[in-house]
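> structure, please.
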Amino acid sequence: MSDIIQTSTYKQTGAVPVVYTTLSASTTFQLYPDMPQTLVIFNDTASPITPILVGDDASTQFAISGVGYRDLSVGYAGNSIPAGQAAAIPLQSIRHWLKGVATVNGCAGAKAAIVTESQLPQYEPFFIQGGRLVATGRLTVNSKVWG
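Coordinates of the predicted model:
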């Protein structure tokens, strides 16, 4: 499972190179709810794909005025993307489906990138909060904690 690489066009001039990630059966990405992000999926496989975007903390009882309750935990099913075509999904418009760790399912072999016009948040890998050492990002068995 690999994260989709994000590209910021914040304060950029001219063409900005976009790095695509090849999607697996289930690929995670970082959602910044207050930032306008667009997920671009290019289907370079031989058959149509239908992306399903899921947040592992999405509500099972989301109230919609005039409609009632809707289960968002099953994910947001996008439109089918034919072979050789691309689609863009503004993530801000479906942020309620993407609470928690956000994942793209059903697009194995396709390529994806996330583009934003905002500055991506910069985090220090470690900081002190409430007297405790806190780490951001993902720690793995190969992470270098001390230089």
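> only C-alpha atoms for contact and neighbour calcs from this point on.
Fine.
> tell me who's in contact with the spatially closest residue to Ser80 that is not a sequence neighbour.
Sequence neighbours aside, Thr50 is the residue nearest to Ser80 in space, at 4.4 Å (criterion: CA to CA, 6 or more residues apart in numbering). Residues counted as contacts of Thr50 (CA atoms under 8 Å, 6 or more residues apart in numbering) are 77-81, 106-107.
> using PDB, list the CA coordinates for stretch 56-71.
Provided in PDB are the C-alpha atoms of stretch 56-71 (Å, rounded to 0.1, in the frame of the first residue of the first chain):
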ATOM      1  CA  ASP A  56     -12.000   4.400   7.500                       C
ATOM      2  CA  ASP A  57     -13.700   6.900   9.900                       C
ATOM      3  CA  ALA A  58     -16.600   7.900   7.700                       C
ATOM      4  CA  SER A  59     -20.000   8.200   9.300                       C
ATOM      5  CA  THR A  60     -22.500   5.300   9.200                       C
ATOM      6  CA  GLN A  61     -25.300   7.700  10.000                       C
ATOM      7  CA  PHE A  62     -24.600  11.000   8.100                       C
ATOM      8  CA  ALA A  63     -27.600  13.400   8.300                       C
ATOM      9  CA  ILE A  64     -28.700  15.100   5.000                       C
ATOM     10  CA  SER A  65     -31.300  17.800   5.400                       C
ATOM     11  CA  GLY A  66     -34.500  16.800   3.600                       C
ATOM     12  CA  VAL A  67     -33.200  13.300   2.800                       C
ATOM     13  CA  GLY A  68     -32.500  11.600   6.100                       C
ATOM     14  CA  TYR A  69     -29.500   9.500   7.000                       C
ATOM     15  CA  ARG A  70     -27.000   8.100   4.600                       C
ATOM     16  CA  ASP A  71     -24.200   5.500   5.300                       C
END
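> pull the helix or strand with minimum mean pLDDT from the chain.
Using mean pLDDT, DSSP states H and E, strand 126-129 stands out as the lowest-scoring helix or strand of the chain, at a mean of 60.
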